[in-house]
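Student: Have a look; sequence and predicted model below, questions after that.
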Amino acid sequence: MDTYAVSTSIAFCYGHRLCDYNGPCRHLHGHNARVEIVVATDTLDSQGMACDFRLMKSVLKGWIDAHLDHRMILQETDPLVPILRNAGEPLYLMTDPPTAEHIARLLFQHAHAAGLPVREVRLWESDNACAVYRAATDERRAEQS
């Protein structure tokens with residue numbers, strides 16, 4: 001079982017829409033989002049840290065700034081993609097619908113691929129609504145082996 005955990009948060013802005021949603025989110029709209037990343041480990045490094053906050057921020061913030069911040073995050077099949085692309089709008093395209101849940105998973109996967117011992121990502125798309133993506137129990141067991 002993990003003993004130490006640290007987290008940091010990063011704010012960014014994005015727009016999206018959910019094409020197959022029966023409600024107002026089917027229209028283009030934006031969010032002032034905040035992502036929280038939680039990393040955990042059984043041991044501390046030589047500096048006495050579970051993970052350096054600066055490393056966490058540089059891994060996640062750099063990627064967010066380059067790929068998601070102030071972009072329209074759309075499903076690649078969205079019929080607006082060619083129109084927005086031709087208009088020069090910055091886009092990030094996803095295979096899945098760009099729900100908060102899928103964006104949280106995307107950020108988790110990026111942090112994990114970058115080598116962070118990530119356990120959880122929370123994406124707050126407003127002050128009172130967030131989606132959480134956590135490491136599966138099997139993934140944790142495999143990492144501890």
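Tutor: Alright, I've got the coordinates. A quick note: this is a predicted structure, and the numbers were derived from the prediction, not measured.

Student: okay, the residue nearest to the spatial centre of the chain: pLDDT?
Tutor: Central residue of the chain (C-alpha atoms, centre = their mean): residue 107, 2.8 Å from the mean position. We have a pLDDT of 97 for residue 107.

Student: same thing with the one 10 residues further on?
Tutor: In the predicted model, residue 117 carries a pLDDT score of 94.

Student: how much space is there between it and residue 39?
Tutor: Going from residue 117 to residue 39 by C-beta to C-beta, to the nearest Å gives 5 Å. Yep, even glycine has a C-beta here, placed from its N, CA and C like the rest.

Student: Need the residues touching each of the two.
Tutor: Residues within reach of residue 117 and of residue 39 at once, by C-beta atoms under 8 Å, 6 or more residues apart in numbering, are 50, 51.

Student: how many other residues sit next to the closest residue to residue 21 other than its chain neighbours?
Tutor: Nearest residue to residue 21 in three dimensions, chain neighbours excluded: residue 97, at 7.8 Å (C-beta to C-beta, 6 or more residues apart in numbering). By other C-beta atoms under 10 Å, 20 other residues sit near residue 97.

Student: contacting residues for residue 97?
Tutor: Per C-beta under 8 Å, 6+ apart, neighbours of residue 97: 18, 19, 20, 21, 75.

Student: ok, residue 117 and residue 39, which is more surrounded?
Tutor: More neighbours surround residue 39 than the other of residue 117 and residue 39, with 24 against 19 (other C-beta under 10 Å).

Student: so where does that one fall, helix or strand?
Tutor: Following DSSP states H and E, one finds residue 39 within strand 29-41.

Student: Mind checking what helix or strand follows that strand in sequence?
Tutor: helix 53-67.

Student: From the chain's centroid, how far away is that following helix?
Tutor: 11 Å (C-alpha atoms, centre = their mean, to the nearest Å).

Student: can you give me the mean pLDDT across the helix or strand that that helix is followed by?
Tutor: Using DSSP H and E, the helix or strand that follows helix 53-67 in sequence is strand 71-75. Taken as a whole, strand 71-75 has an average pLDDT of 98.

Student: Appreciated, that's everything.
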